[in-house]
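J.: sequence and predicted structure below; questions after.
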Amino acid sequence: MQFNIIIAAIYAISFIYALFSGRVSELTTAAFEGASGAVTLCFNMCGMICLWSACLELMSRSGLSAKLSRLLRPLLGRLYPRASRDPETMEALCANVSANFLGLGNAATPAGIKAAQGMQRISGKSSAGNELCMFVVMNTASIQLLPTTAAALRASYGSQTPFDILPAVWLSSLLSVSAGLIAAKIFERFSRRGRLG
C-alpha cells in the first residue's frame, strides 16, 4: 500500500514540475521511452530465465545436479545440521545452492522455497529458526561461479564482453557470503545467551 502511495506521489510531482516548467512534452516522451525500455528488458530477461531454467532441468535429468549436490552435502550438513537429517529438505537445499553457484538465481527460487518450508517444518516454530535465517542470508548473498543473469543483462545492453566481471563477482560474492555467515553465527550466539539469561 505504501509503495503505491510513493509511486503515485512521484508521478504527481513529476507532472506538476513538468507543467510549471513547460516540459510536458519531454515528460510524455520520457514516459513512453521508459515503458518501451521496461518491456524490452522484461522480454530479454524472460528469454534468459527460460534458457537457464532449461539448463537447470537438463542438469537435473543428466545427474550433474545430483553430483554437485553430493559435493556440497558435507559442507551444507555442517552449516545446517538439523536440515541435513531430512533428505527432502537437504535435496532442495543442495539444488538451491547449486543453482545459485551457477548464477541461475531465478531458477533457484523454487528449490529455495522448498528448502525454507522444510526448515520451518523441522524447527517446529512459528518464527524463523537460526538455520532458516542463515539460509536466507546465504541465499541472498550466494557465491556465484558464473553470474549468468548479470552477464545476460550486460549483453542485452550491448556489452561485447559480458563475462569480464567474473573476478569482481567471485571476490564480492565470497566476501558477502563470509560476512553474512559470520553475522548469522554471531546473532545465533546472542539469541542463545538471551534464552539462557
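T.: Everything's here; your move. For clarity, every value in this text was computed on a predicted model and none was experimentally measured.

J.: so where do the helices sit in this structure?
T.: Per DSSP state H, the chain carries helices over the ranges 2-21, 24-62, 64-79, 87-101, 105-123, 130-141, 148-156, 166-196.

J.: please identify the most buried of those helices.
T.: helix 87-101 (a mean of 22; mean count of other CB atoms under 10 Å). (Each C-beta comes from the backbone N, C-alpha and C, glycine too.)

J.: just to revisit the earlier point, switch the helices of the chain over to CSV; also include mean pLDDT.
T.: As requested, the helices of the chain are exported to CSV (pLDDT from 0 to 100):
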stretch, mean pLDDT
helix 2-21, 84
helix 24-62, 78
helix 64-79, 78
helix 87-101, 81
helix 105-123, 82
helix 130-141, 82
helix 148-156, 77
helix 166-196, 81
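
J.: what about Gln144, distance to Thr29?
T.: Per CB to CB, to the nearest Å, Gln144 is found 38 Å from Thr29.

J.: and Ser126, backbone torsions?
T.: With angles defined as degrees, to the nearest 10, Ser126 sits at phi -80, psi -30.

J.: where's it relative to Ala111, distance?
T.: Taking CB to CB, one finds Ser126 at 24 Å from Ala111.

J.: also Asp164?
T.: Asp164 is 29 Å from Ala111, by CB to CB.

J.: kindly report the same for Ile122.
T.: Taken as CB to CB, the span from Ile122 to Ala111 is 16 Å.

J.: over to Ala30?
T.: With CB to CB as the criterion, Ala30 and Ala111 are 40 Å apart.

J.: check Leu76 too.
T.: For Leu76, the distance to Ala111 - CB to CB - is 13 Å.

J.: residues that sit against both of those two, list them.
T.: Common neighbours of Leu76 and Ala111, counting by CB atoms under 8 Å, 6 or more residues apart in numbering, are Leu93.

J.: ignoring the adjacent residues along the chain, who's closest to Leu68?
T.: Nearest residue to Leu68, sequence neighbours excluded (CB to CB, 6 or more residues apart in numbering): Ser98, at 4.5 Å.

J.: right, and the one you found touches Lys67 too?
T.: No. With contact defined as CB atoms under 8 Å, Ser98 does not count as touching Lys67 (9.5 Å).

J.: any idea how far the closest residue to Phe187 other than its chain neighbours is from Leu71?
T.: Distances taken as CB to CB, 6+ apart put Cys133 closest to Phe187, at 7.5 Å, once the chain neighbours are dropped. As for Cys133, its distance to Leu71 is 25 Å (criterion: CB to CB).

J.: next: Thr89.
T.: In terms of CB to CB, Thr89 sits 18 Å off from Leu71.

J.: check Ala9 too.
T.: 50 Å.
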